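Chemist: What follows is a predicted protein model with its sequence.
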Amino acid sequence: MSQRIVLSRVLLTAVLSSGCFGATIYDESTLGDLSNSGLSPTSLNFSPGSNIVRGTTGLGTIVDRDYFTFLVPQGFAVTSLVELANTTVGAAVSFIGIEQGSSVTVPTNAQTAAGLLGWTHYGAATTDTDLLPAMRISSLGSSGFNGPLGPGTYSVWIQDGNVGTFSYGFDVRLDAVPEPGTLGMVLGALALIAFSSKMYCSRTI
């Protein structure tokens, strides 16, 4: 991929994500329940910058598990997965896992995390926290991974097994990844965009 194309993608990402809020890609309160089957997760279209997914999970007649899948295109990577404010859990923590591919093949009654790239617990202690670093660490059989999640298809599994209904919100950030030769140009452009965005937000808040 040419440096010009990569630089253009980085700058586009910066422009789209330099605002004061992220884009809500899916909200169960308005769009309906996400898929309850890991083998056929809801397909979501993510864009550069913030991609917010909001929903509910918990135990009623059965456990309401949520599954969604998304594509990371060439030249981009998932750089963070942040638990948003107003996320609630039934006990101390709930569960989020991610698998590479267009489905989650790990059974819901599995005794290990074999097959997952990574997983972690979330709750009150991790509000406004990037969960990706914890998910990178291999645990209970998950493969683990290094750095951002590069191009490919990924599927996410969210669940809380406690009785009740519990809200969650996650911001999956998709950023362009520059080639080494473009780094100097990118840093200069990003600094200018960040400064301009800060000045704009300070005037509008």
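Modeler: Yep, it's here.
Chemist: could you say which helix or strand contains the residue nearest the centre of the chain?
Modeler: With distances taken as C-alpha atoms, centre = their mean, the chain has Val172 as the residue nearest its mean C-alpha position (2.6 Å). According to DSSP states H and E, Val172 maps onto strand 166-176.
Chemist: neighbouring strands for that strand, and are they parallel or not?
Modeler: According to DSSP bridges, strand 166-176 forms sheet pairs with strand 49-59 (antiparallel), strand 76-83 (antiparallel).
Chemist: Make TSV from these and add distance to Ala124 and mean neighbour count to it.
Modeler: Bear in mind the C-beta positions are built from the backbone N, C-alpha and C, glycine included. As requested, the strands paired with strand 166-176 are arranged in TSV below (distance: least, C-beta to C-beta, whole Å; neighbours: other C-beta atoms under 10 Å):
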stretch	distance to Ala124	mean neighbour count
strand 49-59	16	21
strand 76-83	10	20
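Chemist: any chance of the ones you listed in TSV, plus distance to Trp157?
Modeler: Shown next, in TSV, are those (distance: least, C-beta to C-beta, whole Å):
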stretch	distance to Trp157
strand 49-59	10
strand 76-83	13
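Chemist: Buried ones in the strand holding Val172, by neighbour count?
Modeler: For strand 166-176, a neighbour-count test (16 or more other C-beta atoms under 10 Å) marks Phe166, Ser167, Tyr168, Gly169, Phe170, Asp171, Val172, Arg173, Leu174, Asp175, Ala176 as buried.
Chemist: Measure how far that strand is from the centre of its chain, please.
Modeler: Relative to its parent chain, strand 166-176 has a centroid offset of 4 Å by C-alpha atoms, centre = their mean, to the nearest Å.
Chemist: now swap in stretch 109-129 and tell me
Modeler: Relative to its chain's centre, stretch 109-129 lies at 13 Å (C-alpha atoms, centre = their mean).
Chemist: Likewise for stretch 155-174?
Modeler: With C-alpha atoms, centre = their mean, you get 11 Å for stretch 155-174.
Chemist: repeat for stretch 147-165
Modeler: Taking C-alpha atoms, centre = their mean, the mean C-alpha location of stretch 147-165 is offset from the chain mean by 8 Å.
Chemist: Low-confidence stretches in the protein?
Modeler: Counting by pLDDT under 70, the ranges of the chain that qualify are 1-22, 179-205.
Chemist: all helices of it, in order?
Modeler: Applying DSSP state H to the chain gives helices spanning 3-17, 28-31, 132-136, 183-204.
Chemist: What helices and strands are in contact with the shortest one?
Modeler: Taking 3 or more C-beta pairs under 8 Å, 6 or more residues apart in numbering; DSSP states H and E as the contact definition, the neighbouring helices and strands of helix 28-31 are strand 49-59.
Chemist: Please save the CA atoms from the strand it packs on in CSV.
Modeler: Taking Å, rounded to 0.1, in the frame of the first residue of the first chain, the C-alpha atoms of strand 49-59 are listed here in CSV:
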residue,chain,number,x,y,z
GLY,A,49,-12.9,6.3,14.9
SER,A,50,-15.3,5.4,17.7
ASN,A,51,-17.9,2.7,17.3
ILE,A,52,-20.3,2.5,20.2
VAL,A,53,-22.3,-0.6,20.9
ARG,A,54,-25.0,-0.5,23.6
GLY,A,55,-27.2,-3.4,24.8
THR,A,56,-28.4,-5.4,27.7
THR,A,57,-27.6,-8.9,29.1
GLY,A,58,-28.6,-11.0,32.1
LEU,A,59,-30.6,-14.0,33.2
